[in-house]
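>>> The following block contains a protein sequence and its predicted model.
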Amino acid sequence: MAHPPMGGPGGTAVAVTPTASGASAPGTTASGTPAPGPYPPHHPPPARGSAWAEGRDRLRAAATTEPGRLRVIGAVLAVLVIAFGAVTAWQVADRKSAADDVVTRSQPLSADAASIYRSLADADTAAASGFLAGAQEPPSVIKQYNDDIAEASRLLVKAAANTSGTSTSGQQIATLNQRLPQYTGLIERARANNRQGLPLGGAYLRYANEQMTTQLLPAAKKLYDEETDRLYRDYDDATAWPYVALGLGVLALGGLGWAQLRNYRRTNRVFNHGLLGASVASVAVLLWLVVGHTLASSGLGDSRTYGQESLKVLSDARISSLQARANENLTLVSRGAVSTAAGGDKYEADYTSGMADLEKQLTRAGQLADDDGGKGPVQKAADSVKVWKTQHKDARATDDQGDYDAALKKVIGESNSTGQSFVKVDQALASALEWEQREFTEAAEDGRGALSGLAIGAAVLAVLAAGAALLGIGRRLSEFR
(Lines give C-alpha, C1' and ligand atoms only; values in the text may rest on other atoms or scores of the structure.)
Protein backbone atom coordinates (compact mmCIF):
# COMPACT_ATOMS: atom_id res chain seq x y z
CA MET A 1 0.00 0.00 0.00
CA ALA A 2 1.42 3.32 -1.11
CA HIS A 3 1.96 6.10 1.38
CA PRO A 4 0.59 9.55 0.63
CA PRO A 5 3.09 12.18 -0.36
CA MET A 6 4.35 14.60 2.26
CA GLY A 7 4.99 18.25 1.86
CA GLY A 8 8.66 19.08 1.42
CA PRO A 9 10.41 22.37 1.42
CA GLY A 10 8.87 24.88 -0.89
CA GLY A 11 5.76 22.83 -1.19
CA THR A 12 7.46 20.07 -3.13
CA ALA A 13 6.05 16.70 -2.56
CA VAL A 14 8.63 14.50 -0.94
CA ALA A 15 8.11 10.81 -1.10
CA VAL A 16 10.14 7.92 0.06
CA THR A 17 10.91 5.57 -2.78
CA PRO A 18 9.95 2.05 -1.91
CA THR A 19 12.82 -0.32 -1.46
CA ALA A 20 12.93 -3.99 -1.91
CA SER A 21 11.67 -4.41 1.62
CA GLY A 22 8.88 -1.97 1.07
CA ALA A 23 10.71 0.97 2.66
CA SER A 24 11.62 4.07 0.75
CA ALA A 25 15.11 5.60 0.17
CA PRO A 26 15.46 8.79 2.15
CA GLY A 27 16.34 12.07 0.48
CA THR A 28 14.39 11.47 -2.73
CA THR A 29 11.08 12.70 -4.09
CA ALA A 30 8.25 10.52 -5.30
CA SER A 31 9.69 10.59 -8.77
CA GLY A 32 13.08 9.40 -7.45
CA THR A 33 14.90 12.69 -7.84
CA PRO A 34 17.14 13.97 -4.97
CA ALA A 35 15.28 15.99 -2.42
CA PRO A 36 16.45 19.59 -1.93
CA GLY A 37 19.06 19.89 0.91
CA PRO A 38 20.41 22.80 2.94
CA TYR A 39 23.09 23.55 0.26
CA PRO A 40 22.46 24.04 -3.49
CA PRO A 41 23.32 21.15 -5.83
CA HIS A 42 27.02 20.89 -6.79
CA HIS A 43 28.02 23.22 -3.84
CA PRO A 44 29.38 21.06 -0.97
CA PRO A 45 29.75 22.45 2.59
CA PRO A 46 32.84 24.68 3.06
CA ALA A 47 35.97 22.88 4.29
CA ARG A 48 37.00 23.41 7.91
CA GLY A 49 39.99 25.77 8.45
CA SER A 50 43.38 24.74 9.85
CA ALA A 51 43.98 24.52 13.60
CA TRP A 52 46.10 27.68 13.41
CA ALA A 53 43.35 29.60 11.63
CA GLU A 54 40.74 28.38 14.11
CA GLY A 55 42.96 29.35 17.02
CA ARG A 56 43.49 32.76 15.51
CA ASP A 57 39.77 33.23 15.03
CA ARG A 58 39.05 32.18 18.59
CA LEU A 59 41.74 34.54 19.88
CA ARG A 60 40.30 37.37 17.83
CA ALA A 61 36.85 36.58 19.13
CA ALA A 62 38.13 36.37 22.71
CA ALA A 63 39.94 39.70 22.39
CA THR A 64 36.65 41.39 21.68
CA THR A 65 35.50 40.60 25.23
CA GLU A 66 36.88 42.11 28.40
CA PRO A 67 38.03 38.77 29.91
CA GLY A 68 39.83 37.98 26.66
CA ARG A 69 41.57 41.34 26.65
CA LEU A 70 42.65 40.86 30.25
CA ARG A 71 44.18 37.49 29.42
CA VAL A 72 46.15 39.01 26.55
CA ILE A 73 47.31 41.88 28.74
CA GLY A 74 48.43 39.48 31.48
CA ALA A 75 50.41 37.35 29.04
CA VAL A 76 52.14 40.38 27.50
CA LEU A 77 53.04 41.81 30.91
CA ALA A 78 54.46 38.49 32.09
CA VAL A 79 56.58 38.15 28.95
CA LEU A 80 57.89 41.71 29.26
CA VAL A 81 58.86 41.31 32.91
CA ILE A 82 60.50 37.91 32.38
CA ALA A 83 62.42 39.25 29.36
CA PHE A 84 63.59 42.23 31.43
CA GLY A 85 64.86 39.97 34.20
CA ALA A 86 66.52 37.50 31.83
CA VAL A 87 68.34 40.15 29.81
CA THR A 88 69.40 41.95 32.99
CA ALA A 89 70.81 38.73 34.44
CA TRP A 90 72.65 37.97 31.19
CA GLN A 91 74.18 41.43 30.73
CA VAL A 92 75.14 41.77 34.38
CA ALA A 93 76.74 38.31 34.39
CA ASP A 94 78.72 39.29 31.30
CA ARG A 95 80.00 42.47 32.95
CA LYS A 96 80.73 40.65 36.21
CA SER A 97 82.83 38.14 34.25
CA ALA A 98 84.78 40.97 32.62
CA ALA A 99 85.33 42.60 36.02
CA ASP A 100 86.59 39.27 37.36
CA ASP A 101 89.02 39.10 34.45
CA VAL A 102 90.31 42.59 35.25
CA VAL A 103 91.09 41.62 38.84
CA THR A 104 92.20 38.00 38.49
CA ARG A 105 93.55 37.59 34.95
CA SER A 106 94.21 40.64 32.78
CA GLN A 107 95.88 42.92 35.31
CA PRO A 108 98.07 40.18 36.82
CA LEU A 109 99.20 39.17 33.32
CA SER A 110 99.93 42.79 32.47
CA ALA A 111 101.91 43.15 35.71
CA ASP A 112 103.80 39.93 34.93
CA ALA A 113 104.65 41.22 31.46
CA ALA A 114 105.98 44.43 33.02
CA SER A 115 108.03 42.34 35.47
CA ILE A 116 109.50 40.33 32.58
CA TYR A 117 110.51 43.58 30.92
CA ARG A 118 111.99 44.95 34.15
CA SER A 119 113.82 41.71 35.00
CA LEU A 120 115.48 41.60 31.59
CA ALA A 121 116.51 45.24 31.77
CA ASP A 122 117.81 44.77 35.32
CA ALA A 123 119.77 41.68 34.30
CA ASP A 124 121.44 43.66 31.52
CA THR A 125 122.29 46.44 33.98
CA ALA A 126 123.71 43.96 36.51
CA ALA A 127 125.82 42.28 33.81
CA ALA A 128 127.35 45.62 32.81
CA SER A 129 127.93 46.60 36.45
CA GLY A 130 129.64 43.28 37.17
CA PHE A 131 131.84 43.64 34.11
CA LEU A 132 132.99 47.09 35.25
CA ALA A 133 133.96 45.68 38.65
CA GLY A 134 136.72 43.66 37.01
CA ALA A 135 137.70 40.00 36.89
CA GLN A 136 136.17 39.27 40.27
CA GLU A 137 132.57 40.33 40.11
CA PRO A 138 130.88 41.15 43.44
CA PRO A 139 128.75 38.18 44.63
CA SER A 140 125.77 40.51 45.14
CA VAL A 141 125.89 41.56 41.48
CA ILE A 142 126.13 37.97 40.28
CA LYS A 143 123.18 37.02 42.50
CA GLN A 144 121.13 39.93 41.19
CA TYR A 145 121.81 38.91 37.58
CA ASN A 146 120.94 35.25 38.23
CA ASP A 147 117.79 36.18 40.15
CA ASP A 148 116.64 38.43 37.30
CA ILE A 149 117.14 35.73 34.67
CA ALA A 150 115.38 33.15 36.85
CA GLU A 151 112.46 35.53 37.48
CA ALA A 152 112.07 36.33 33.78
CA SER A 153 112.14 32.62 32.92
CA ARG A 154 109.55 31.79 35.57
CA LEU A 155 107.19 34.52 34.44
CA LEU A 156 107.56 33.48 30.81
CA VAL A 157 106.43 29.97 31.71
CA LYS A 158 103.47 31.39 33.64
CA ALA A 159 102.52 33.70 30.77
CA ALA A 160 102.76 30.87 28.24
CA ALA A 161 100.36 28.78 30.32
CA ASN A 162 97.74 31.56 30.16
CA THR A 163 98.23 32.61 26.54
CA SER A 164 97.38 31.04 23.20
CA GLY A 165 100.48 30.14 21.18
CA THR A 166 98.97 31.65 18.02
CA SER A 167 98.21 35.03 19.59
CA THR A 168 100.49 38.05 19.44
CA SER A 169 101.43 37.51 23.08
CA GLY A 170 102.23 33.86 22.39
CA GLN A 171 104.52 34.81 19.52
CA GLN A 172 106.42 37.29 21.71
CA ILE A 173 106.78 34.68 24.45
CA ALA A 174 108.22 32.25 21.90
CA THR A 175 110.71 34.89 20.76
CA LEU A 176 111.80 35.58 24.33
CA ASN A 177 112.20 31.89 25.11
CA GLN A 178 114.34 31.49 22.01
CA ARG A 179 116.53 34.58 22.46
CA LEU A 180 117.08 34.51 26.22
CA PRO A 181 119.47 31.51 26.20
CA GLN A 182 121.46 33.18 23.43
CA TYR A 183 121.79 36.33 25.52
CA THR A 184 122.91 34.48 28.65
CA GLY A 185 125.46 32.58 26.56
CA LEU A 186 126.98 35.85 25.35
CA ILE A 187 127.14 37.16 28.92
CA GLU A 188 129.00 34.05 30.06
CA ARG A 189 131.51 34.48 27.23
CA ALA A 190 131.98 38.11 28.21
CA ARG A 191 132.62 37.09 31.81
CA ALA A 192 135.07 34.36 30.86
CA ASN A 193 137.10 36.72 28.70
CA ASN A 194 136.94 39.45 31.33
CA ARG A 195 138.34 37.11 33.98
CA GLN A 196 141.29 36.43 31.72
CA GLY A 197 141.80 40.11 31.04
CA LEU A 198 141.00 39.75 27.35
CA PRO A 199 139.56 42.79 25.51
CA LEU A 200 137.22 40.45 23.66
CA GLY A 201 135.06 40.37 26.77
CA GLY A 202 133.94 43.94 26.16
CA ALA A 203 132.92 43.06 22.61
CA TYR A 204 130.83 40.12 23.84
CA LEU A 205 129.17 42.35 26.44
CA ARG A 206 128.32 45.00 23.85
CA TYR A 207 126.93 42.33 21.52
CA ALA A 208 124.85 40.90 24.39
CA ASN A 209 123.52 44.40 25.13
CA GLU A 210 122.64 44.81 21.45
CA GLN A 211 120.71 41.54 21.56
CA MET A 212 118.90 42.75 24.66
CA THR A 213 118.01 46.19 23.31
CA THR A 214 117.10 45.16 19.75
CA GLN A 215 115.40 41.80 20.28
CA LEU A 216 114.60 40.82 23.87
CA LEU A 217 113.36 44.13 25.23
CA PRO A 218 111.28 44.98 22.12
CA ALA A 219 109.61 41.55 22.36
CA ALA A 220 108.99 42.08 26.08
CA LYS A 221 107.56 45.53 25.31
CA LYS A 222 105.17 44.07 22.71
CA LEU A 223 104.10 41.40 25.20
CA TYR A 224 103.48 44.07 27.84
CA ASP A 225 101.53 46.26 25.40
CA GLU A 226 99.39 43.34 24.23
CA GLU A 227 98.52 42.25 27.75
CA THR A 228 97.78 45.85 28.74
CA ASP A 229 95.50 46.23 25.69
CA ARG A 230 93.65 43.09 26.72
CA LEU A 231 93.25 44.55 30.21
CA TYR A 232 91.74 47.73 28.76
CA ARG A 233 89.36 45.68 26.60
CA ASP A 234 88.17 43.90 29.75
CA TYR A 235 87.74 47.29 31.39
CA ASP A 236 85.56 48.45 28.48
CA ASP A 237 83.46 45.27 28.61
CA ALA A 238 82.97 45.55 32.38
CA THR A 239 81.88 49.20 32.31
CA ALA A 240 79.70 49.18 29.15
CA TRP A 241 76.15 50.26 30.00
CA PRO A 242 73.49 47.48 29.65
CA TYR A 243 71.25 49.50 27.35
CA VAL A 244 69.10 46.54 26.25
CA ALA A 245 68.25 45.64 29.85
CA LEU A 246 67.54 49.27 30.70
CA GLY A 247 65.28 49.63 27.66
CA LEU A 248 63.32 46.50 28.54
CA GLY A 249 62.99 47.70 32.12
CA VAL A 250 61.49 50.99 31.03
CA LEU A 251 59.18 49.14 28.62
CA ALA A 252 58.02 46.69 31.30
CA LEU A 253 57.33 49.50 33.75
CA GLY A 254 55.46 51.40 31.06
CA GLY A 255 53.29 48.37 30.36
CA LEU A 256 52.54 47.82 34.05
CA GLY A 257 51.69 51.49 34.49
CA TRP A 258 49.34 51.45 31.50
CA ALA A 259 47.61 48.30 32.76
CA GLN A 260 46.97 49.88 36.17
CA LEU A 261 45.71 53.10 34.60
CA ARG A 262 43.36 51.07 32.40
CA ASN A 263 42.16 49.13 35.42
CA TYR A 264 41.52 52.36 37.32
CA ARG A 265 39.49 53.89 34.48
CA ARG A 266 37.29 50.80 34.17
CA THR A 267 36.78 49.99 37.85
CA ASN A 268 37.60 53.22 39.73
CA ARG A 269 39.92 51.15 41.94
CA VAL A 270 43.14 52.98 42.63
CA PHE A 271 45.32 49.93 43.18
CA ASN A 272 45.52 46.39 41.90
CA HIS A 273 47.68 44.62 44.44
CA GLY A 274 49.15 42.17 41.96
CA LEU A 275 50.07 44.81 39.37
CA LEU A 276 51.37 47.08 42.11
CA GLY A 277 53.62 44.31 43.45
CA ALA A 278 54.92 43.61 39.95
CA SER A 279 55.70 47.30 39.49
CA VAL A 280 57.56 47.50 42.81
CA ALA A 281 59.65 44.43 41.93
CA SER A 282 60.46 45.80 38.47
CA VAL A 283 61.44 49.18 39.90
CA ALA A 284 63.69 47.40 42.40
CA VAL A 285 65.46 45.52 39.59
CA LEU A 286 65.85 48.67 37.50
CA LEU A 287 67.20 50.74 40.40
CA TRP A 288 69.53 47.92 41.46
CA LEU A 289 70.82 47.68 37.91
CA VAL A 290 71.44 51.43 37.58
CA VAL A 291 73.00 51.91 41.03
CA GLY A 292 75.03 48.70 40.92
CA HIS A 293 76.43 49.41 37.47
CA THR A 294 77.18 53.02 38.40
CA LEU A 295 79.13 51.95 41.49
CA ALA A 296 80.92 49.24 39.54
CA SER A 297 81.90 51.65 36.78
CA SER A 298 83.10 54.18 39.35
CA GLY A 299 85.25 51.65 41.20
CA LEU A 300 86.70 50.15 38.05
CA GLY A 301 87.24 53.63 36.61
CA ASP A 302 89.20 54.67 39.69
CA SER A 303 91.26 51.48 39.53
CA ARG A 304 92.05 52.25 35.91
CA THR A 305 92.87 55.95 36.31
CA TYR A 306 94.60 55.99 39.67
CA GLY A 307 95.77 52.39 39.74
CA GLN A 308 96.53 50.86 36.37
CA GLU A 309 97.58 54.08 34.64
CA SER A 310 99.91 54.89 37.53
CA LEU A 311 101.29 51.36 37.45
CA LYS A 312 101.96 51.64 33.73
CA VAL A 313 103.77 54.98 34.02
CA LEU A 314 105.80 53.81 37.03
CA SER A 315 106.76 50.57 35.26
CA ASP A 316 107.89 52.57 32.25
CA ALA A 317 109.88 54.89 34.52
CA ARG A 318 111.59 52.00 36.26
CA ILE A 319 112.56 50.44 32.94
CA SER A 320 113.85 53.79 31.68
CA SER A 321 116.04 54.12 34.77
CA LEU A 322 117.38 50.59 34.30
CA GLN A 323 118.22 51.20 30.66
CA ALA A 324 119.84 54.54 31.49
CA ARG A 325 121.98 52.81 34.11
CA ALA A 326 123.00 50.07 31.66
CA ASN A 327 123.96 52.67 29.04
CA GLU A 328 125.91 54.61 31.67
CA ASN A 329 127.93 51.50 32.50
CA LEU A 330 128.47 50.64 28.85
CA THR A 331 129.83 54.13 28.23
CA LEU A 332 132.81 53.13 30.39
CA VAL A 333 132.97 49.60 29.00
CA SER A 334 133.07 50.66 25.35
CA ARG A 335 135.34 53.71 25.91
CA GLY A 336 133.96 55.40 22.82
CA ALA A 337 134.14 52.30 20.60
CA VAL A 338 130.51 52.62 19.52
CA SER A 339 129.51 55.93 17.94
CA THR A 340 126.35 57.55 16.68
CA ALA A 341 125.91 58.76 13.11
CA ALA A 342 126.87 62.24 14.31
CA GLY A 343 130.12 60.95 15.80
CA GLY A 344 129.17 61.02 19.50
CA ASP A 345 129.25 58.14 21.98
CA LYS A 346 126.20 55.96 21.35
CA TYR A 347 125.77 54.83 24.94
CA GLU A 348 126.10 58.38 26.29
CA ALA A 349 123.43 59.53 23.81
CA ASP A 350 121.15 56.66 24.87
CA TYR A 351 121.72 57.53 28.54
CA THR A 352 120.75 61.15 27.92
CA SER A 353 117.62 60.12 26.02
CA GLY A 354 116.66 57.61 28.71
CA MET A 355 117.03 60.14 31.51
CA ALA A 356 114.86 62.63 29.62
CA ASP A 357 112.15 59.97 29.29
CA LEU A 358 112.52 59.12 32.97
CA GLU A 359 111.95 62.71 34.07
CA LYS A 360 108.81 63.01 31.90
CA GLN A 361 107.45 59.75 33.29
CA LEU A 362 108.06 60.82 36.88
CA THR A 363 106.24 64.09 36.21
CA ARG A 364 103.27 62.14 34.84
CA ALA A 365 103.36 59.67 37.75
CA GLY A 366 103.24 62.59 40.20
CA GLN A 367 100.15 63.94 38.44
CA LEU A 368 98.37 60.57 38.60
CA ALA A 369 99.18 59.92 42.26
CA ASP A 370 96.10 60.93 44.26
CA ASP A 371 97.48 60.75 47.80
CA ASP A 372 100.66 61.22 49.79
CA GLY A 373 101.35 57.48 49.78
CA GLY A 374 101.78 57.64 46.02
CA LYS A 375 103.27 61.10 45.67
CA GLY A 376 106.00 60.65 48.31
CA PRO A 377 107.99 57.86 46.61
CA VAL A 378 107.66 59.56 43.22
CA GLN A 379 109.09 62.79 44.64
CA LYS A 380 111.98 60.87 46.21
CA ALA A 381 112.72 59.26 42.85
CA ALA A 382 112.64 62.66 41.11
CA ASP A 383 115.04 64.14 43.68
CA SER A 384 117.42 61.20 43.28
CA VAL A 385 117.33 61.59 39.49
CA LYS A 386 118.57 65.17 39.82
CA VAL A 387 121.49 64.01 41.99
CA TRP A 388 122.20 61.17 39.59
CA LYS A 389 122.43 63.52 36.62
CA THR A 390 124.83 65.81 38.48
CA GLN A 391 127.04 62.90 39.51
CA HIS A 392 127.00 61.49 35.99
CA LYS A 393 128.11 64.79 34.54
CA ASP A 394 131.01 64.86 37.00
CA ALA A 395 131.99 61.27 36.16
CA ARG A 396 131.92 61.98 32.42
CA ALA A 397 134.14 65.03 32.88
CA THR A 398 136.62 62.93 34.85
CA ASP A 399 136.66 60.22 32.18
CA ASP A 400 137.06 62.77 29.40
CA GLN A 401 140.14 64.08 31.24
CA GLY A 402 141.66 60.61 30.95
CA ASP A 403 141.25 59.49 34.58
CA TYR A 404 139.35 56.25 33.95
CA ASP A 405 139.85 54.79 37.43
CA ALA A 406 138.49 57.90 39.16
CA ALA A 407 135.53 57.97 36.76
CA LEU A 408 134.88 54.29 37.48
CA LYS A 409 134.68 54.99 41.22
CA LYS A 410 132.21 57.78 40.58
CA VAL A 411 130.01 55.33 38.66
CA ILE A 412 130.23 52.08 40.71
CA GLY A 413 131.89 53.28 43.94
CA GLU A 414 130.47 52.68 47.39
CA SER A 415 129.99 56.37 48.22
CA ASN A 416 128.72 59.38 46.26
CA SER A 417 128.45 57.37 43.04
CA THR A 418 125.84 57.33 40.31
CA GLY A 419 125.19 53.70 41.23
CA GLN A 420 123.94 54.73 44.66
CA SER A 421 121.65 57.35 43.15
CA PHE A 422 120.31 54.76 40.73
CA VAL A 423 119.58 52.39 43.63
CA LYS A 424 117.64 55.15 45.42
CA VAL A 425 115.63 55.82 42.27
CA ASP A 426 114.87 52.13 41.82
CA GLN A 427 113.86 51.63 45.45
CA ALA A 428 111.58 54.67 45.39
CA LEU A 429 109.90 53.46 42.21
CA ALA A 430 109.48 49.99 43.71
CA SER A 431 107.73 51.54 46.72
CA ALA A 432 105.48 53.62 44.46
CA LEU A 433 104.57 50.53 42.41
CA GLU A 434 103.69 48.58 45.55
CA TRP A 435 101.46 51.40 46.78
CA GLU A 436 99.66 51.85 43.45
CA GLN A 437 99.16 48.09 43.10
CA ARG A 438 97.37 48.10 46.44
CA GLU A 439 95.29 51.09 45.33
CA PHE A 440 94.35 49.27 42.13
CA THR A 441 93.33 46.10 43.93
CA GLU A 442 91.12 47.90 46.46
CA ALA A 443 89.32 50.01 43.83
CA ALA A 444 88.87 47.11 41.41
CA GLU A 445 87.54 44.83 44.17
CA ASP A 446 85.03 47.51 45.19
CA GLY A 447 83.88 47.87 41.59
CA ARG A 448 83.53 44.14 41.08
CA GLY A 449 81.70 43.75 44.40
CA ALA A 450 79.01 46.22 43.33
CA LEU A 451 77.77 43.67 40.78
CA SER A 452 77.69 40.73 43.19
CA GLY A 453 74.26 39.11 43.47
CA LEU A 454 72.67 41.40 40.90
CA ALA A 455 72.24 38.75 38.19
CA ILE A 456 70.54 36.24 40.49
CA GLY A 457 68.54 38.93 42.25
CA ALA A 458 67.25 40.30 38.97
CA ALA A 459 66.13 36.86 37.81
CA VAL A 460 64.32 36.09 41.08
CA LEU A 461 62.59 39.47 41.25
CA ALA A 462 61.53 39.18 37.61
CA VAL A 463 59.86 35.83 38.27
CA LEU A 464 58.10 37.28 41.31
CA ALA A 465 57.00 40.31 39.29
CA ALA A 466 55.61 38.12 36.52
CA GLY A 467 53.71 36.01 39.04
CA ALA A 468 52.32 39.10 40.74
CA ALA A 469 51.18 40.54 37.40
CA LEU A 470 49.36 37.32 36.51
CA LEU A 471 47.82 37.20 39.99
CA GLY A 472 46.56 40.76 39.63
CA ILE A 473 45.02 40.02 36.24
CA GLY A 474 43.54 36.79 37.59
CA ARG A 475 41.84 38.70 40.43
CA ARG A 476 40.25 40.97 37.88
CA LEU A 477 39.13 38.01 35.75
CA SER A 478 37.44 36.40 38.76
CA GLU A 479 34.98 39.29 38.80
CA PHE A 480 33.47 38.01 35.52
CA ARG A 481 32.65 34.54 36.81
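Happy to help now that I have it. Numbers count the residues shown, from 1 in each chain.
>>> pLDDT below threshold where in the stretch 201-350 of the chain?
Applying pLDDT under 70 to the stretch 201-350 of the chain flags the ranges 269-270, 336-338.
>>> what is the mean pLDDT for the longest helix along the chain?
Across the chain, the helix with the greatest residue count (assigned by DSSP state H) is helix 66-101. The average pLDDT for helix 66-101 rounds to 90.
>>> what does stretch 452-472 give?
91.
>>> And the helices in the stretch 351-481 of the chain, which stretches?
372-400, 404-412, 418-449, 454-477 (DSSP state H, counting those that start in this stretch).
>>> who wins for proximity to Val102 among those?
Val102 lies closest, by CB to CB, to one member of those: helix 418-449, at 5.8 Å. No exception for glycine: its C-beta is placed from N, CA and C like everyone else's.
>>> Can you point out the buried residues in that closest one?
Buried residues in helix 418-449, counting neighbours by 16 or more other CB atoms under 10 Å, are found at 418-422, 424-426, 428-429, 431-433, 435-437, 439-440, 443-444, 446-448.
>>> For Gln144, which residues are in contact?
Neighbour list for Gln144: Asp122, Ala126 [criterion: CB atoms under 8 Å, 6 or more residues apart in numbering].
>>> Kindly recompute the last result at 10 Å.
Going by CB atoms under 10 Å, 6 or more residues apart in numbering, Gln144 touches Asp122, Ala123, Thr125, Ala126, Ala127, Ser129, Gly130, Pro138.
>>> likewise Asp94?
Listed by CB under 10 Å, 6+ apart, the contact set of Asp94 reads Asp237, Ala238, Ala240, Pro242, Ala455.
>>> Make sure the third one is actually in contact with Val92.
No - with contact defined as CB atoms under 10 Å, Ala240 and Val92 do not form a contacting pair (11.4 Å).
>>> more crowded one of those two?
Taking other CB atoms under 10 Å, Ala240 and Val92 do not tie; Val92 has more neighbours (26 against 14).
>>> Show the contacting residues for the more buried one.
Neighbouring residues of Val92 by CB under 10 Å, 6+ apart: 242, 245, 288-289, 292-293, 296, 451-459.
>>> And those residues, which two are furthest apart?
Using CB to CB, the pair of the contacts of Val92 lying farthest apart is Ala296 and Ala459, separated by 18.2 Å.
>>> So these two - more neighbours on which side?
Applying other CB under 10 Å to Ala296 and Ala459 shows that Ala296 carries more neighbours, namely 24 against 19.
>>> my read: that one touches Ala450, true?
Yes - with contacts counted by CB under 10 Å, Ala296 reaches Ala450, the gap being 4.1 Å.
>>> for Ala192, what are its contacts?
Contacts for Ala192 (CB under 10 Å, 6+ apart) come out as Leu198, Leu200, Gly201, Tyr204.
>>> Actually, Gln308.
102, 106-107, 110-111, 228, 231-232, 235, 300, 302, 368, 436-437, 439-440, 443-444.
>>> That one in helix, strand or coil?
Secondary structure assignment for Gln308 (DSSP: H, G, I helix; E, B strand; the rest coil): helix.
>>> Now do it against Thr163, distance only.
Distance of Gln308 to Thr163, computed by CB to CB, to the nearest Å: 19 Å.
>>> mind checking how far the spatially closest residue to Thr168 that is not a sequence neighbour is from Pro108?
Spatial nearest neighbour of Thr168, chain neighbours left out: Glu226 (4.9 Å); criterion: CB to CB, 6 or more residues apart in numbering. Applying CB to CB, one obtains 15 Å for the distance of Glu226 from Pro108.
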